[in-house]
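Trainee: Below: sequence and its predicted model.
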Amino acid sequence: MSEHRFQVHLRGIIDLLSNHLYSGPQVFVRELLQNSVDAIRARQALEPGRAGEVVIEVAGGAAPTLVFEDDGIGLTEAEVHEFLATIGASSKRDDLGARRGDFIGQFGIGLLSGFLVADEITLVTRSARPGFPAIEWRGRQDGTYTVKEAGDGLSPGTRVYLRSRKGAEEYFVPSRLRELASRYGGLLPCPIRIRDAGIETRINADPPPWRRSFVTRREEDDAYREYGRAVFEAEFFDWIPLRSDAGRIEGAAFILPHSATPALRTTHRVYLRSMLLAESAERLLPDWAFFVRCVVNADDLNPTASRESFHEDEKLDAAREAMGGCLRDYLVRLAAQDPARLQELIALHHLSIKALAVEDDEFFGIFMDWLPFETSLGEMTFRELRAKGGAIRYAPSVDQFRQLAHVAGAEGICVVNAGYTFDRDLLEKHGELHPEASVERVDPAEFVQRFEDLDLDERERAHDFLRAAEQALRPHDTGVELRKFRPEEIPALYTLDPEAGFRRSVDRAKEEANPLFSLLLDGVAGDRPSSQGPDTLLTLNFRNPLVRRVAEIPDRDLQRLAVEMLYVQALLLGHHPLRAKELTLLNAGMIRLLERGLGGR
Amino acid sequence: MSGGYKDRVDDLRSEAARAPEGPLQVDLLEEAVRVADVHQDLDLGYESRIELVDAACWAGFPDRMLVAYTWCLAQFDRHPGRFEVFQLYWMYKWILNEVTYFLRIPRDRIDAAFEDARRRYGERGFSPRPLHQLRTTALSFMGHPAEAEEQHRKWMDAPRDSYSDCAACELSCRVDYLIEQRRDEEAVETARPLLLGRQRCKEEPGRTFSRILRPLVRLGRAAEAIPCYLKAARFTGRNPKFIWAAGNFLSFLGLTGNLPRGLRLVEGRFRIALETRAPSNRFDFLLGLRLFLGILAETREQPLKLRLPDTFPLFRPDASYPLPDLLAWCDRELSDLARQFDARNGTDALARRVAAHGDLRKHAVSLPISSKP
């Protein structure tokens, strides 16, 4: 027997493992399972057809002890020394990552993870290659270890004994261990058993559905749904098998039963060579695919040093594309085979489908017709929108849509609200892909130009009124037009372009601002292009009885007051917050009207 | 009706939360602000504006950000204790980061803004560290190296606290400062933890990958810059906030002879560069565009087919642009911007930057990028 000291400070390595590499102490279960599985695979390479198994046993006592036992390849004494040397050479996180590449390096790093919960680790191992004796290695947290021969009585394989560290007892309870072992090793092909009070239970009896074969489609469907339920504790809308040659990936995507958004990333459970890598991995799928959660196993992707996510590389990119392709194919098939079901899916996940349609021309061609849009005539699908014939008109922002939706609706004009995510891109794409289709952006000022003009007689009669109204609103940088539009209950429509909208918001901020910020705002507004003429417009509706009445008021002063009131009313009807001078106008105007009504004139 | 408008504000805000960063998100939140304001709902107006400040910052609309922030700060002062301090004072840094880059904010107002922030941070016992950091960058941009260095020293001396930028952002800011001073080797060395992916945050390492191209080219290490370019290009995407980075890419693609790839980038980003409300971002884009087109013009005499937006002053429906016209336009725009900035700053820093950028051409080296984009 020989007494040794680690060539590096063991505490340093343990600190590195626990504080910088792993998310928590529980990963020791994964690491030790990984070692066992690697050892079993290595032995299978020598002895094809061997099954192999792992048994985890909990032994109680003052300091509870855990035993991980496998009948894998085992280690020779030389290999034991080799792994110790390997670890000795790894002092940085990146080095550790690199050492995981080979069996012995991984073995050592995995074994030391036992110190996350144990103050003493004993390894008893015997190589399956003939002629090597069993070896016992005993390591302590203080950095010392012993190595000795352990006789010939043992069969090949490895046993690891962990003696609980104070404060880590929770990991030595059978129920906790069972939970951790099935979480990490639930997909491993070789049997993994927990032995507790002499009774063995297998924790990975059921392979995942993609590794099973089914007689009926119904049986398969049930199995996948049951699996999704077990993993994510949710009832899913449907499931989609995933497969990618890049990364050698198999698995399943489960369609969320509720609407999802791109901002909140959905997370996935991922396995690497059947060992759990992460329960909430992000960015596994293309950005548009935020309507599913997945469980996948990759046999050929690279993990990060911590083994808690995949390394971003070209292989992962290719795999992402391939899995996106699986989802896409599912949607395309659904569109062809079960349009009713597709509509249900679109009701939940049109955002995801819109996101893909923006990127993918062919997909766009299949799905655009099904997608819903908000319009001035109510919500409708693109197919319904197209069926109306003529140009497809859209307002590019929610603000501009709001300005004209009511009037457009009353005039029977269909205008799409393209102020929501992806809608504008989709409409413009339709225009690009179908040059014969006319897709027009309308802004409120342009829209007003569609209104009916006054006839010649009416123009004559209203001429003086229009001049007076223009004068009244000049101080407000607002032009006036007199037209005829529906609904006739609306006396006036206030429209402004985004630049004018920005100036309104600057004005309102300045009314509140402290002197410094007021000056800063001047600097910002000074950078803007100067406008030619008023870019805000009040369109008076000559169909409206009030407007007709005002037009005929002979008293110029009263007429001016009425126009000012129509202006403020149009602002309010259009949901534009009032600037201070408009509030003043409203208050002063009310008072003057009251005074007139009360006989003050 | 009162519940009605609150629901509408909520809908708009969640629609905005769902939208990717960009102009649409800003539009949605401005609409939410309007609805809240029409109903004179102070709290909803404030919350919506805080989200708007955030969205406008990340979408590259410093003007709309400033408008919303001004209102919030005024309400914050007017109603002591009603609104949370951390968010608002953190965002003050974003304002300071932008005021330097508006052409028409005079130097004394910029100084006054920094002074106001210093007072506010001081009153609450926050470390002035991030303010010195921002000032270093600002003064360095304006061409006041001695003052910048003094701020840099103060920045390094001030303690870190929860208002300080994250380690990755501070590091990136130092890299930027070193690049401005042409301390290229030091810049590349300092950037290492970012380039190796050891330090990261929302903006990093994408920002540093974009910035490190120029020093690497100047050091004759353009080959090392190729993977940086590929990573940066993916990171910055089409966000108007990062249109300056497209300028760096164009310089790089021109200098390394990747002309078709560069032209695709010109087409993809031109509209954003024309429309950006941040003149310094436009300047950076034009700087790269000028260099790129200049290199292109050396080997090509015929006009160039380019899909450019119809808002471009030289727009041609036949999409065929004579290179001399484009070069003249770039030169005019660049010298306009440089003149205005320099007049405001009282230096000739930007004019010198335009000249120095042309000198990069001596570092040209053919390095075709072969892998597919």
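Mentor: Yep, it's here. Numbers count the residues shown, from 1 in each chain, chains lettered A, B, ... in the order given.

Trainee: Need the pLDDT of residue A:89.
Mentor: Residue A:89 carries a pLDDT value of 61.

Trainee: what's the answer for residue B:23, then?
Mentor: On the pLDDT scale, residue B:23 is placed at 89.

Trainee: Not counting its neighbours along the chain, what's nearest it?
Mentor: In this structure, residue B:23 finds its nearest non-sequential neighbour in residue B:59, 5.9 Å apart by CB to CB, 6 or more residues apart in numbering or on different chains. Every C-beta, even on glycine, is put in place using the N, C-alpha and C of the backbone.

Trainee: Tally up the residues packed near that neighbour, please.
Mentor: Using other CB atoms under 10 Å in any protein chain shown, residue B:59 has 22 neighbouring residues.

Trainee: can you map out the helices along the stretch 101-250 of chain B?
Mentor: B:107-123, B:129-142, B:145-157, B:167-180, B:184-195, B:206-211, B:213-218, B:222-236, B:243-255 (DSSP state H, counting those that start in this stretch).

Trainee: Nearest to chain A, out of these?
Mentor: The closest of the helices of the stretch 101-250 of chain B to chain A is helix B:107-123. By CB to the nearest CB, the value is 5.3 Å.

Trainee: Is there contact, residue-wise, from the closest one to chain A?
Mentor: Yes: using CB under 8 Å from any CB of the partner chain, helix B:107-123 comes into contact with chain A via B:109, B:112-113, B:116.

Trainee: Close to chain B: what parts of chain A are there?
Mentor: Near chain B, when you scan chain A using CB under 8 Å from any CB, you find A:261-263, A:351, A:397-399, A:402, A:419-421, A:424, A:501-502, A:505-506, A:508-510, A:512-514, A:516-524, A:526-528, A:572, A:575-577.

Trainee: now, which of the residues you listed lie within strands?
Mentor: Nothing among the residues of chain A next to chain B maps onto strands, per DSSP state E.

Trainee: if we can go back for a sec, looking at the residues of helix B:107-123 next to chain A, spot the one nearest residue A:482.
Mentor: Checking the residues of helix B:107-123 next to chain A against residue A:482 with CB to CB, the nearest one is residue B:109 at 44.1 Å.

Trainee: Tell me, what's the model's pLDDT at the closest one?
Mentor: pLDDT, residue B:109: 95.

Trainee: do the one 3 residues further on as well
Mentor: At residue B:112, the pLDDT value in this model is 96.

Trainee: got it, and the one 3 residues further on?
Mentor: In the prediction, the pLDDT value recorded for residue B:115 is 97.

Trainee: mind listing what it touches?
Mentor: Listed by CB atoms under 8 Å, 6 or more residues apart in numbering or on different chains, the contact set of residue B:115 is empty.

Trainee: The helices of the stretch 101-250 of chain B: lowest mean pLDDT?
Mentor: Comparing mean pLDDT across the helices of the stretch 101-250 of chain B, the lowest value falls on helix B:222-236: a mean of 85.

Trainee: just how off-centre is it within its chain?
Mentor: Chain-centre distance of helix B:222-236: 18 Å, with CA atoms, centre = their mean, to the nearest Å.

Trainee: Quickly check: it near chain A or not.
Mentor: No: contact of helix B:222-236 with chain A (CB under 8 Å from any CB) is absent, the minimum separation being 9.5 Å.

Trainee: Tell me which residues are up against that helix.
Mentor: B:195, B:205-207, B:209-210, B:212-213, B:216-217, B:242, B:245-246, B:248-249, B:252-253, B:255-256, B:363, B:365, B:367, B:369, B:371, B:373.

Trainee: likewise stretch A:386-399?
Mentor: Stretch A:386-399 is contacted from outside by A:369, A:385, A:401, A:403-405, A:413-420, A:423-424, A:427, A:430-431, A:437-444, A:498, A:501, B:12, B:24, B:27-28, B:30-31, B:34, using CB under 8 Å, 6+ apart.

Trainee: Assign the residue nearest to the spatial centre of chain A to one of the three secondary structure states.
Mentor: The residue lying closest to the centre of chain A (CA atoms, centre = their mean) is residue A:265, at 2.2 Å. With DSSP: H, G, I helix; E, B strand; the rest coil as the basis, residue A:265 sits in coil.

Trainee: so it sits right up against residue A:287, yeah?
Mentor: No: taking CB atoms under 8 Å as the definition, residue A:265 is not a contact partner of residue A:287, at 9.2 Å.

Trainee: Good, wrapping up.
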